[in-house]
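output the structure for:
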Amino acid sequence: MKTLHLLRHAKSSWSQPGLADRERGLNKRGRRDAPRMGAALATQVTAISIAVSPARRAQLTLDGLCQGWPALAALPHVTDEGLYTFASEDVLSWIQAQDDSRSELFIIGHNPAFTELINALAGRWELDNLPTCAYARLDLDAGHWREVGPGCAELAQTLLPRLLDEG
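Numbers count the residues shown, from 1 in each chain. From the prediction side, this is the model:
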């Protein structure tokens, strides 16, 4: 049994239209949501090392998560070029290539890749859209990452920033 944790990057800024996509930062809502999600996830998920897209908005999302989740901040995280993709097939290939010594993976990345991946792995339509800074946990019926594929997952949990207390 493997577990996949997915977190879509927080809301990105479009204030500089000429900026390259991978260089866009977070807007005000994104900077607010990431620490709030970190604090909420800290009460529900064991902190593990995160693999993150090199896009600036994904990197800043990880920084925000760590602000709200001190145990996460203490861990090493990995930036992986292979996660700067909008295609679910690319993310699936990345997952299938991971070392089986890890029973859980936590990834920060992009849509539509994450929404499409969730629906494909569940083998049915689960989500219309994984919103920005939203979290999803999939329980996978696979003993090895290379076995992960369509229909092997149960969407076990979602957490959306809009449902968190303003606290």
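
which residue is the nearest non-sequential neighbour of Phe106?
His5 (4.0 Å; Cβ to Cβ, 6 or more residues apart in numbering). Placement of C-beta: from N, CA and C, glycine included.

am I right that the one you found sits in a helix?
No - assessed by DSSP: H, G, I helix; E, B strand; the rest coil, His5 does not belong to a helix; its assignment is strand.

what about the closest residue to Gln98 other than its chain neighbours, distance to Gln44?
Sequence neighbours aside, Trp145 is the residue nearest to Gln98 in space, at 4.4 Å (criterion: Cβ to Cβ, 6+ apart). Distance of Trp145 to Gln44, computed by Cβ to Cβ, to the nearest Å: 23 Å.

more neighbours: which of the two?
Set side by side, Trp145 and Gln44 show more neighbours around Trp145, with 19 against 10, by other Cβ atoms under 10 Å.

and the gap between that one and Phe114?
From Trp145 across to Phe114, the span is 17 Å (Cβ to Cβ).

secondary structure class for Ala156?
For Ala156, the secondary-structure state derived from three-state DSSP is strand.

show the pLDDT at it.
If you check Ala156, the pLDDT there is 97.

okay, now it: neighbour count?
Ala156: 12 surrounding residues under other Cβ under 10 Å.

and the residue lying farthest from the centre of the chain, what element?
The C-alpha centroid of the chain is most remote from Gly18, which lies 26.2 Å away (Cα atoms, centre = their mean). Gly18 is part of no helix or strand when elements are defined by DSSP states H and E.

and for Leu117?
In this assignment (DSSP H and E), Leu117 forms part of helix 113-122.

so which residues make contact with that helix?
The contact list for helix 113-122, computed with Cβ atoms under 8 Å, 6 or more residues apart in numbering, reads 4, 6, 8, 85-88, 90-92, 125-130, 136, 138, 140, 148-155.

in the chain, which helix has the most residues?
Looking across the chain with DSSP state H, the single longest helix is helix 28-42.

show me what that one packs onto, helices and strands only.
Applying 3 or more Cβ pairs under 8 Å, 6 or more residues apart in numbering; DSSP states H and E, we find helix 28-42 packed against helix 56-68, helix 70-73, strand 153-159.
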